[in-house]
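Engineer: Pasted the sequence and its predicted model underneath.
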Amino acid sequence: MRLRRQCHIEDDDLAPPSAVAAVVVPGLRQVWRVGDVHVAVSRAGRWEQYPADKSIDEAASAVRAAYLHCLLAAAPRRELPPQGPGRQLILPLLRYQTLLANRADLPYGYGVLNGTPVPERFIETIDLDDNAEEVVLASDGYLSPAPCLEQAEADLAASLAADPLRIGTHPSTKGMAPGARSVDDRTYVRLVRADVDAGVR
């Protein structure tokens, strides 16, 4: 809270600056995560995935998708803009959902770094044992923490081409704008243990 006051952020600000994070801590042999960041760990050549789940986003995306499917059912040839009626429908929820940030006592609460205390429930730790060879961290702009950047980009491109409105297999709170390459930020980091020969992937 002290940091928020230093930055002149009011306690009731509905859109305060915030961030999510996943950090590899080699000394503790752990990954720490707060918020919706994809994580994957390769153990003896087999990948274990820890998806970036956030129930409030899943709820908003589902409502938007359902509404747009209704509009398309009523007028199958209708063209829907990516930021059109579906986005307008969920805007009130998007404006107010920050009230759920770091609220472990609420069903749709979620963890985020915004200057308020992060409840223990929202601080995840993933242990890295002797079998852990690689770690991938990817923002939720990707579909998953794929084993390599090329696959992550290819999977995303194929999904966006098949469903630019984002109302199908991977619903979103918004569709892809004309000329855009994605609907959200994309950051991808792959770490390989020093004694492991990752080859060219």
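Structural biologist: That came in fine, so what should we check first?
Engineer: what about the strands in the protein?
Structural biologist: With DSSP state E as the criterion, the chain has strands at 21-25, 30-34, 37-43, 46-50, 124-127, 132-139, 188-192.
Engineer: Quick one: distance of the third one to the chain centre.
Structural biologist: Read that as strand 37-43. From the chain centre to the centre of strand 37-43 is a distance of 14 Å (C-alpha atoms, centre = their mean, to the nearest Å).
Engineer: Identify the residues contacting stretch 43-53?
Structural biologist: 33, 35-42, 124, 126, 129, 131-133, 138-140, 144-145, 147 (C-beta atoms under 8 Å, 6 or more residues apart in numbering). For every residue, glycine as well, the C-beta is placed using N, CA and C.
Engineer: again, only using 6 Å
Structural biologist: Stretch 43-53 is contacted by residues 36, 37, 38, 39, 40, 41, 131, 132, 140, 145 when judged by C-beta atoms under 6 Å, 6 or more residues apart in numbering.
Engineer: Pull out the buried positions in that stretch.
Structural biologist: For stretch 43-53, the neighbour count (16 or more other C-beta atoms under 10 Å) marks 50, 52 as buried.
Engineer: CA-only coordinates of it in CSV, if you can.
Structural biologist: Output of stretch 43-53 as CSV, limited to C-alpha atoms (Å, rounded to 0.1, in the frame of the first residue of the first chain):
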residue,chain,number,x,y,z
ARG,A,43,11.8,-33.6,-16.6
ALA,A,44,13.8,-36.3,-18.3
GLY,A,45,12.5,-35.3,-21.7
ARG,A,46,8.8,-35.1,-20.7
TRP,A,47,7.0,-31.8,-20.4
GLU,A,48,4.7,-30.9,-17.5
GLN,A,49,2.5,-27.9,-18.2
TYR,A,50,1.1,-25.4,-15.7
PRO,A,51,-1.3,-23.3,-17.7
ALA,A,52,-2.1,-19.6,-17.1
ASP,A,53,-5.6,-20.0,-15.7
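Engineer: Okay then, goodbye and thanks.
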